[in-house]
Each structure stands twice: as structure tokens, then as C-alpha cells.
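# Task: produce atomic coordinates for the following.
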Amino acid sequence: MQAMLDVDERHWWYRGRRRVIRAELKTLGLAPGIEILDAGCGSGATMQVLARYGTVHGVELSDQAAEVARARAVGEVVVGRLEQLPWPDASFDLITCLDVIEHTPDDQATLRELWRVCRPGGWLLATVPAYPWLWSIHDEVNHHYRRYSRATLRAAARAAGWEMRRLSSFNSLLLAPAAAVRLGRRGREAPDGYTTDLAFGPRWLNGALEWPLALEAAWLARGRTLAAGLSLLVVLSRR
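Okay, the predicted model is just below:
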């Protein structure tokens, strides 16, 4: 957790993912002044992005991360589990859940609880790691329970009551090199000081790695999708 908090503002992955989320939000035609939940809000950086659309709330399992998020003074941040949210039914018009569902033991229970607090006509925008065959030390160190195929993500969402509106891969251009590295580590123990891909390298390299995600965000903003990538992005709605 501390590794994420240390680099969340500057690391190419978090910056690039926020670009993708901003692009996707533009396609939803959100009304102003809506109620928003960032489920698994981490440091609160995404809450700052969401604040332009309405009143933002965050929930975070880590006390340490919740304190960092509260310090941004963007909106309410509570400590809690996604499977037992402290809000009444139908509280939010928009929910984001970014690379969190894979950390929960029962993804359908998590998705059902997110469905419960979403208003009819509301949206859930979620991201998860893709391809079960890519399972590696990276997932173990990050306490993942699973990686997703399109079929398993679609099935979990539908079983929880959600309607699928959009599904796309992203982080596509880095799929091949990342797969080579992670599969090469398979079967080995995590080395001392393993950084879970969050080491902040030279500024030029960080910027270069963010650039592909900027291109992908522009592509997704046009309503298009990507066929392959290290991550999946899904937009779900509640009737």
C-alpha cells in the first residue's frame, strides 16, 4: 500500500489509467451535480477527477490510504469493505471501482453490493487485470484473487444484476513486453525488494510509458474499443 501511495501522483500507470477513466466518463453524458462513489479510492487521486461531476464519496479498506485521501479534502472518505458498504440502497448515480474487485474474495458479492447502492439508471465503471494465463508473482504480491477474461467478468457482472454496456481492453501496447517479463518470473519466489511494477524510474521513461495510455484514452473517448491489453474496462448500468 505504501508503494502505491508514494507514486500515485506521478507513476505512469496511475496517471495513464486516470486518462482512460476521464475519457470514458466523457462518453456517459453525466448530468451535473450527481452523487458519486469511488469504491476502493486509495490515495483519493481519482476522487479529484470525479469531483468535477458532483459530490464524491470514497471507501477504502486501508486506514493509511483513507487518511491520505481525506487530506485532499475532496469529499467524504470512510474505511470499510466493499462487501458491506455503509450507505443506503440507491445512493449513487455513478460508481467507480478501479483495480479493486480482483482483491475481494467473492467478486459477485462485491458487485451485488455495488449494485445495491447504485440508483436505477446509474453507472458502474470498473477496471480489472486481464488474462488468467498471465498470473504471476505480480498478482501474488499484490494480493489478487484472480485475473479476468471477458467471459468471466461478464458472467460475474450479470450474476450480480448489472447490465453490460461496454467492455474493452486497455494498456494494450505494453501487453507483449509485460507478458514476457511476468511469465518469465513464473514459478519463482518474489525477490527481496520486489516493487510490483511501481518503481519510479527516470522521468523520461515514466513519460514514455504513459504515452501509449494517452493514445488509448483518445481512442476510447471516440467510443471505440481495444481487442487486447493487460487490463479490462467495463461500463455497467442498473435498470
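# Now do the same contact list for the most centrally placed residue in the chain.
The C-alpha lying nearest the average C-alpha coordinate of the chain belongs to L98 (C-alpha atoms, centre = their mean; 1.4 Å). With contacts defined as C-beta atoms under 8 Å, 6 or more residues apart in numbering, L98 is in contact with 17, 21, 38, 40, 46, 126-127. For the C-beta atoms, the positions are set from N, CA and C on the backbone; glycine is no exception.
# where does this structure dip in pLDDT?
Low-confidence segments of the chain (pLDDT under 70): 1-7, 187-201, 204.
# Recalculate using a threshold of 80.
For the chain, the stretches flagged by pLDDT under 80 are 1-10, 184-205.
# Scan it for its longest helix.
If you go by DSSP state H, the chain has its longest helix at helix 203-221.
# Which elements pack onto it?
helix 12-26, strand 163-170 (3 or more C-beta pairs under 8 Å, 6 or more residues apart in numbering; DSSP states H and E).
# wouldn't R119 be in contact with I95 here?
No. In this structure, R119 is not within contact of I95 by C-beta atoms under 8 Å, at 9.8 Å.
# quick one, which of these two is more surrounded?
I95 (25 against 16; other C-beta atoms under 10 Å).
# Tell me the secondary structure at A180.
Assigned state for A180: helix (three-state reduction, DSSP: H, G, I helix; E, B strand; the rest coil).
# what about it, distance to S62?
Computed with C-beta to C-beta, to the nearest Å, the distance linking A180 and S62 is 32 Å.
# where do the strands sit along this protein?
Remark: strands assigned in the chain by DSSP state E are 34-39, 54-60, 76-79, 92-98, 118-129, 163-170, 231-237.
# Pull the fourth one out as CSV, backbone CA atoms only.
In other words, strand 92-98. Extracted C-alpha coordinates of strand 92-98, given in CSV (Å, rounded to 0.1, in the frame of the first residue of the first chain):
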residue,chain,number,x,y,z
PHE,A,92,-25.2,6.9,-6.1
ASP,A,93,-25.6,7.9,-9.7
LEU,A,94,-22.0,6.8,-10.6
ILE,A,95,-19.6,4.3,-9.0
THR,A,96,-16.0,3.8,-10.0
CYS,A,97,-14.1,0.7,-8.8
LEU,A,98,-10.6,0.7,-10.3
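# Thank you, goodbye.
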